[in-house]
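Trainee: Just a sequence and a predicted model for now, questions to come.
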Amino acid sequence: MFESFGRGFRMIGASIKMGWQDKRLMLPSILTVLTNIFFGLILMWQAVQKLGHHGGAGAVGAAGMSGMGHPTHGMLRPLHHHGGLPGGMPDLGGMTALNGPFDPSGFGSFTGSIFNESTLFILSLMILWWTTNRFLEGVTTALVYSHLTEGKGSGRFSQACGAVLSSLPAILMLGLVTLIAKRIAGWMRDRRNTGVLGFGFNFLASIVEVFWTLAGHLILPAIVIEGTSFWGALKRADKIAQGNLLTIGVGEVGVDAICRFTTLVLYSAGVGGLGYAYWAHVGSPLMVMASLLWACSVVVVTSLSIYIRAAFYTCLYVWAINAEAVQETERVRVKPPEPLAAALA
């Protein structure tokens, strides 16, 4: 365990050094954090708008009933939540109003009561959010690959973006299959309390999660670097795993664990500090300065974590390609890329 962490810290140091030599390598990761903030603010705005709309409807309903002379005692809920009028009668006026569930001329007539504009907006936003993250991760992979194979400064941001754009259908397919795999694993974990079968479901869920975590990180470099389809990249990842092209396992270099732990500590410290400042009524200027400092730290650390993970898995993929080019007996002599070599030294 401690040896794994030691390798992870050496890998992180070597990756930061590589990024310092060519600062463009870290640009996509910084853009990832900024776009995450942007999409997160949009979701927050949508939630506030939704809550404000329901709050206004509830206030109107309560005011209307109070005006009729009926006491509410604070227990009256908005009528729209019940979908009906007092006495159990359906509110046909509200249901057939503009954008209501049965509006004959609006969007609600097509989607019914399950899907509406807000649901489709949030779903579209989440898909766009995920695609943007994977696109920028692919750009990082392409830039790091050029740096490792062609030398410092060889990669071009525009060329990397073009390569990822041409592979976008395969990346979207990767996202769809990843979602399905996670749903299957979640379904299995929900049945872990069903006696003897539950233990088996939990075990299978762990296998699915571990396998797809490794495969997913190797599939993306295959898609971006080799320009292959999703299924072609899946076969490449399987060949790398089954052909012993890598002489170490991912867990032997504790990059993921270190990055996750560091970001968790930073986020927890920020939330705890802001909570304490609110409870202790700390002065406003000091609280603003501390909040800005924490926000900047979050951007830097999160960007580094995203970049370091992408660099690590790109190094693994380059090492596998180099090992594949020689005879099996010679693979142990193939030198890994520089950051990974520093980690394994």
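Mentor: All right, it came through fine.
Trainee: drop to CA atoms for contacts and neighbour counts, all remaining ones
Mentor: Fine.
Trainee: where's residue 326, which helix or strand?
Mentor: In this structure, residue 326 sits in neither a helix nor a strand according to DSSP states H and E.
Trainee: For this protein, which segments are assigned as helices?
Mentor: Taking DSSP state H as the test, the helices found in the chain are 2-21, 27-67, 79-82, 92-95, 108-111, 117-150, 157-166, 168-189, 196-226, 230-242, 255-280, 284-324, 338-344.
Trainee: Of those, which is nearest residue 332?
Mentor: helix 284-324 (8.2 Å; C-alpha to C-alpha).
Trainee: Which parts of the chain belong to which domain?
Mentor: By the assignment in automatic domain parsing, the chain contains the domains 2-40+118-344, 49-115.
Trainee: Compare the mean pLDDT across those and name the weakest.
Mentor: Looking over these, mean pLDDT reaches its minimum on domain 49-115, with a mean of 47.
Trainee: you'd agree residue 220 is up against residue 169?
Mentor: No. Using C-alpha atoms under 8 Å, residue 220 is not in contact with residue 169, being 12.0 Å away.
Trainee: Compare the two (neighbour count), which wins?
Mentor: residue 220 (31 against 14; other C-alpha atoms under 10 Å).
Trainee: quick one, what contacts the more buried one?
Mentor: 138, 171, 233 (C-alpha atoms under 8 Å, 6 or more residues apart in numbering).
Trainee: Quick check on residue 22: phi, psi?
Mentor: Dihedral pair for residue 22: phi -140, psi 90, per degrees, to the nearest 10.
Trainee: If you could redo that for residue 254, that was the one I meant.
Mentor: Main-chain dihedrals, residue 254, degrees, to the nearest 10: phi -80, psi 50.
Trainee: so how many other residues sit close to it?
Mentor: Neighbours of residue 254 (other C-alpha under 10 Å): 22.
Trainee: my guess is it meets residue 5, correct?
Mentor: Yes. With contact defined as C-alpha under 8 Å, residue 254 reaches residue 5; the gap is 4.9 Å.
Trainee: Which residues are in contact with each of these two?
Mentor: With C-alpha under 8 Å, 6+ apart, residue 254 and residue 5 have no common neighbours.
Trainee: residues touching the nearest residue to residue 134 once chain neighbours are set aside, list them.
Mentor: In space, and not counting its chain neighbours, residue 134 is closest to residue 171: 7.4 Å by C-alpha to C-alpha, 6 or more residues apart in numbering. Contacts for residue 171 (C-alpha under 8 Å, 6+ apart) come out as 134, 220, 223, 230.
Trainee: Which residue, neighbours along the chain excluded, lies closest to the third one?
Mentor: Leaving out its chain neighbours, the residue that sits closest to residue 223 by C-alpha to C-alpha, 6+ apart is residue 233, at 5.7 Å.
Trainee: residues in contact with the one you found?
Mentor: Here residue 233 is in contact with 219, 220, 222, 223 (C-alpha under 8 Å, 6+ apart).
Trainee: one more time with 6 Å, if that's ok
Mentor: 219, 222, 223 (C-alpha atoms under 6 Å, 6 or more residues apart in numbering).
Trainee: Could you identify the buried members of these?
Mentor: 219, 222, 223 (16 or more other C-alpha atoms under 10 Å).
Trainee: count of residues packed around residue 29?
Mentor: Residue 29 has 26 nearby residues by other C-alpha under 10 Å.
Trainee: distance of the residue nearest to it when sequence neighbours are not counted from residue 260?
Mentor: Leaving out its chain neighbours, the residue that sits closest to residue 29 by C-alpha to C-alpha, 6+ apart is residue 303, at 4.9 Å. Residue 303 sits 12 Å away from residue 260, going by C-alpha to C-alpha, to the nearest Å.
Trainee: neighbour-wise, which of the two wins?
Mentor: With neighbours defined as other C-alpha under 10 Å, residue 303 and residue 260 compare such that residue 303 has more, 20 against 12.
Trainee: Go ahead and confirm that one touches residue 31.
Mentor: No. Using C-alpha atoms under 6 Å, residue 303 is not in contact with residue 31; the gap is 8.3 Å.
Trainee: returning to that earlier point: looking at the contacts of residue 171, which is nearest residue 324?
Mentor: Proximity to residue 324 was ranked across the contacts of residue 171 by C-alpha to C-alpha; first place goes to residue 223, at 17.3 Å.
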